[in-house]
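Colleague: Prediction below, plus the sequence it came from.
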Amino acid sequence: MSDTPLIQIRNLSKSYGAKLVLKNLSLDIYPGQVIGYIGPNGAGKSTTVKILTGLIPEFNGEVIVDGISLQHDPQEIKKRIGYVPENAELYDVLTPMEYLDFVGKLYGMEEELLTARAMKLLSAFGLGNNLNDRMDTFSKGMKQKVLLISGIIHNPQIIILDEPLSGLDANAVIMIKELIMRLSQEGKTIFYCSHMMDVVEKVSDRILLINKGEIIADGTFESLKQNHADTLERVFAKLTGRNETDSETDAIINAFD
Ligand SMILES: Nc1ncnc2c1ncn2[C@@H]1O[C@H](COP(=O)(O)OP(=O)(O)OP(=O)(O)O)[C@@H](O)[C@H]1O
């Protein structure tokens, strides 16, 4: 692995109004790493990702990607990143081919390559028979696959995924897990947010746990396990102080009394 970080985050802070949601984050991410970014609801995962992808331009601190400052040249950075958001509006009156044509052109892809790659990727994701169907006839999982493809169609160096597995069936989850590992073998750097601890445990070579805007654990699953608990679910519960699940469920059940 290269010893020059591909992504450098320095003293990153972000507030929404008076609310500070990212507190002085500093991180180096190296080429080829598969980073699982986990944390409780509202911890700051999506905010981090939206800053990295240039969707939130106002923040304090510095983000440097491949030697380029995000503040100075966000467009150049966007070319290097493929982003699959948690919730996206697909223009579902379009067919997947039309949608991917639109996205690929935004990335400046040449028509012939774009069409060929869109067809190959859609077929590989099991949508080969739906190339020209309108996406408003698609299931949630089918749309999620098109979104995933739109994030990788331009063959970016860095792939950022926010909850990529929501809505996917068990076979598709297995496929995406394998895909993440294969893309990493191809040298891609992958940063993904997920609440699916079993998946994060298996595919990440580095896990970052964020809580209340601060990174509170950073290491391999093995190292987190040795220091804290035997499963990632338990590491998560221990470090984020959520040991009161029993009393919470009691309160919900008791609310029906
Ligand atoms: N546009 C916004 N305006 C005001 N507050 C926001 C905005 N977006 C997020 N927040 C707040 O920032 C905090 C971090 O939110 P963020 O979406 O980054 O969390 P997350 O870790 O991705 O959560 P989840 O796991 O629920 O998706 C939360 O307290 C949220 O309420």
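Modeller: Noted; the coordinates are in hand. Numbers count the residues shown, from 1 in each chain.

Colleague: Helices of the stretch 151-257 of the chain, residue ranges please.
Modeller: With DSSP state H, counting those that start in this stretch as the criterion, the stretch 151-257 of the chain has helices at 170-185, 197-203, 221-227, 232-239, 245-254.

Colleague: What mean pLDDT does the longest one get?
Modeller: Read it as helix 170-185. Summarised as a single mean, pLDDT over helix 170-185 is 85.

Colleague: so how far is it from its chain's centroid?
Modeller: 13 Å (Cα atoms, centre = their mean, to the nearest Å).

Colleague: do the same with the second one
Modeller: Chain-centre distance of helix 197-203: 13 Å, with Cα atoms, centre = their mean.

Colleague: which residue ranges form the strands in the stretch 1-150 of the chain?
Modeller: 7-16, 19-29, 34-38, 60-65, 68-69, 81-84 (DSSP state E, counting those that start in this stretch).

Colleague: Mind listing the strands the fifth one pairs with, and their directions?
Modeller: Put plainly, it is strand 68-69. Counting by DSSP bridges, the strands paired with strand 68-69 are strand 60-65 (antiparallel).

Colleague: now the stretch 51-200 of the chain, which segments are flagged as low pLDDT?
Modeller: 88 (pLDDT under 70).

Colleague: Quick one: name the residues of the protein near the ligand.
Modeller: Contacts of the chain with the ligand, taken as Cβ under 6 Å from any ligand atom, map to 16, 21, 39, 41-47. Every residue, glycine included, has its C-beta placed from N, CA and C.

Colleague: Of these, which is the nearest to Leu122?
Modeller: Here the nearest of these to Leu122, counting by Cβ to Cβ, is Ser46; it sits at 27.0 Å.

Colleague: so what's that closest one up against?
Modeller: 86, 162, 193 (Cβ atoms under 8 Å, 6 or more residues apart in numbering).

Colleague: Just the buried residues out of these, in PyMOL syntax.
Modeller: In PyMOL syntax, the buried subset of the contacts of Ser46 is picked out as below (16 or more other Cβ atoms under 10 Å):
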select buried, resi 162+193
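
Colleague: how close does Glu214 get to Ala43?
Modeller: 9 Å (Cβ to Cβ, to the nearest Å).

Colleague: higher neighbour count, these two?
Modeller: Ala43 (23 against 14; other Cβ atoms under 10 Å).

Colleague: correct me, but the more buried one touches Lys212?
Modeller: Yes: assessed by Cβ atoms under 8 Å, Ala43 is found in contact with Lys212 at 6.4 Å.
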